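what shape does this take:
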Amino acid sequence: MTSPAVLREDGAAGKAGGAVAVVIPTLDEEQSIADVVRSLPRAIVSRVMVADGGSRDATVARAQAAGAEVIDAGPGYGRACLAAAMAAEDADIVVFMDGDGADDADSIGRLVEPIRSGCYDFVIASRVLGNREPGSIAWHQLAAGRLAGWGMRLLYGVRYTDMCALRAIRRDALMQLGMRELTYGWNLEMQMRAARAGLRILEIPADYHRRRGGNSKVAGSVTGTIRAGARIVATFARVSSETLGRRNHRI
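Predicted coordinates for the structure are as follows:
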């Protein structure tokens with residue numbers, strides 16, 4: 001099952017070109033990053049950009065050895081994503097994915113093709129709709145995605161089932177969203193701003209795997225879960241207040 005298309009406010013179709021940059025934010029992912037970089041379909045992907053947030057292990061060296069460009073992005077998940085997207089000036093489409101090996105690299109072609117064809121602007125993978133390897137994701141992560149999706153449907157009429165990191169978007173559309181969130185609220189902010197901007201959105205099922213090493217910064221500890229959850233709630237409140245403020249101003 002996929003979400004219905006959402007037409008942009010200007011109604012333009014805008015067929016995207018073919019250059020694809022994959023952005024991978026990292027922090028201490030030495031056990032998995034080389035395999036992740038090597039797993040990417042290079043017939044589709046033009047650039048692989050690892051945006052490192054200050055790893056203290058061998059993440060940077062292993063990413064470079066595997067063939068990735070590495071950007072010293074500074075701390076913050078969203079900061080890393082934005083820095084790499086801005087640096088990918090020659091890309092028509094930007095794909096985001098995590099560096100722990102859990103996201104399914106084989107799904108990248110299915111994410112990119114609807115954008116290349118000119119039918120969609122933003123395509124997001126759904127772990128809820130796809131096959132999940134046992135132990136790959138916690139119940140509260142799935143519940144959070146469902147809850148956020150319910151809230152966004154009320155605000156924008158767009159159906160999301162997940163906040164999966166694996167996603168593809170037209171770079172020019174991304175640059176116009178006005179992304180501000182520099183931490184773990186980045187994924188949610190992108191989905192909210194894309195819906196508010198009227199981008200044509202598609203959600204597709206994607207497989208999800210157990211991470212290949214290390215501990216999750218979000219679900220790996222109670223502290224990490226609370227911190228990430230707080231940022232996600234704060235992001236939803238901030239962007240939704242902007243949306244409601246605009247509506248009230250029009251009235």
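
for the rest of this, base every contact and every neighbour count on C-alpha atoms.
OK.

ok, the most centrally placed residue in the chain - contacts?
Nearest to the mean C-alpha position of the chain, counting by CA atoms, centre = their mean, stands A165 at 3.6 Å. Taking CA atoms under 8 Å, 6 or more residues apart in numbering, we find A165 in contact with 96-98, 103, 125, 187.

among those residues, which lie within strands?
By the criterion of DSSP state E, membership of the contacts of A165 in strands covers 96, 125.

farthest pair within the contacts of A165?
Greatest spatial distance among these (CA to CA): D103 and N187, at 14.3 Å.

looking at these two, which one has more neighbours?
D103 (25 against 22; other CA atoms under 10 Å).

ok, the more buried one - contacts?
The contact partners of D103, taken as CA under 8 Å, 6+ apart, are 97, 165-166, 207-209.

now with 7 Å?
97, 166, 208-209 (CA atoms under 7 Å, 6 or more residues apart in numbering).

also V22?
V22 touches 45, 47-49, 94-96, counting by CA under 7 Å, 6+ apart.

so D104 touches R210, yeah?
No: taking contacts as CA atoms under 7 Å, D104 lies outside contact range of R210: 10.4 Å.

top of the contacts of D103 by neighbour count?
Of all these, the highest neighbour tally under other CA under 10 Å goes to L166, namely 27 neighbours.

mind checking the SS state of the residue nearest to the centre of the chain?
Using DSSP: H, G, I helix; E, B strand; the rest coil, the structure places A165 in coil.

host element of L202?
L202 belongs to strand 201-205 when assigned by DSSP states H and E.

hang on, I meant V70
Per DSSP H and E: V70 is located in strand 69-72.

do V48 as well
Here V48 sits within strand 47-52, counting by DSSP H and E.

that strand: what's the following helix or strand?
Next along from strand 47-52, by DSSP H and E: helix 59-65.

remind me what that following helix packs against, helices and strands.
Counting contacts by 3 or more CA pairs under 7 Å, 6 or more residues apart in numbering; DSSP states H and E, helix 59-65 packs against helix 33-39.
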